[in-house]
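Colleague: Provided below are the primary sequence and the corresponding predicted coordinates.
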Amino acid sequence: MLKSNKLCGFGVALLLMLGSRAAIASENNLAGLIRQGQILFQQRQYGAAIATFTQAILLNPDSALPYFHRGKVRFELEDDFGALEDFDDAVQRNSRFAEAYLYRGSVRLSLGDQTNGLVDLRQAAGLFSQQGNQKEYQRAIQLIRQFNPEIAP
């Protein structure tokens, strides 16, 4: 009798463990984690968003997207050095990631690094133009002119 109760208890524990692993596996894909992090960011649950994007980075450290999104959260929290590190990692992994250059340039400008900030903004403008994204191109140009009206993109 005692032995069968132990086996029954083990079976229940195994089912619970497998069920929770299946739930984790369904959320443990990069796109799902990024979506979840974006929702948390929109809900202003910044700590949870950072944790989710960090989990995505651990899942796929070669992807630029989770670094970029975590950088946006840090940017929102005015953690300029953390944001700069994440945007650096994003452009290192994808040198054509225009929005990451835009944010990195903005962070550099806020830290007083006008030279490199403007370089990043010009890089973002050029990439947006190449990608046919006129709205974001204009946004980058406005930022460039705001910080240095004499400089042409």
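Modeller: Nice, I can see it.
Colleague: what about Gln146, neighbour count?
Modeller: 10 (other CB atoms under 10 Å). For glycine as for every other residue, the C-beta is placed from the backbone atoms N, C-alpha and C.
Colleague: Okay, and it sits in which element?
Modeller: In this assignment (DSSP states H and E), Gln146 forms part of helix 134-147.
Colleague: what separates that helix from the chain centre, distance-wise?
Modeller: Relative to its chain's centre, helix 134-147 lies at 22 Å (CA atoms, centre = their mean, to the nearest Å).
Colleague: list the buried ones in it?
Modeller: Using 16 or more other CB atoms under 10 Å as the test for burial, helix 134-147 gives 136-137, 139-141, 143-144.
Colleague: again with stretch 75-89
Modeller: Of all the residues in stretch 75-89, those buried under the rule 16+ other CB under 10 Å are 75, 79, 82-87, 89.
Colleague: Turn the residues you listed into TSV, columns for secondary structure.
Modeller: TSV is the format used below for these (DSSP: H, G, I helix; E, B strand; the rest coil):
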residue	secondary structure
Phe75	helix
Asp79	coil
Gly82	helix
Ala83	helix
Leu84	helix
Glu85	helix
Asp86	helix
Phe87	helix
Asp89	helix
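Colleague: Give me the contact list for stretch 98-105.
Modeller: Here stretch 98-105 makes contact (CB atoms under 8 Å, 6 or more residues apart in numbering) with 64, 68, 71-72, 75, 83-84, 87-88, 90-91, 94, 116-121, 123-124, 127-128, 131, 133, 136, 139-140, 143.
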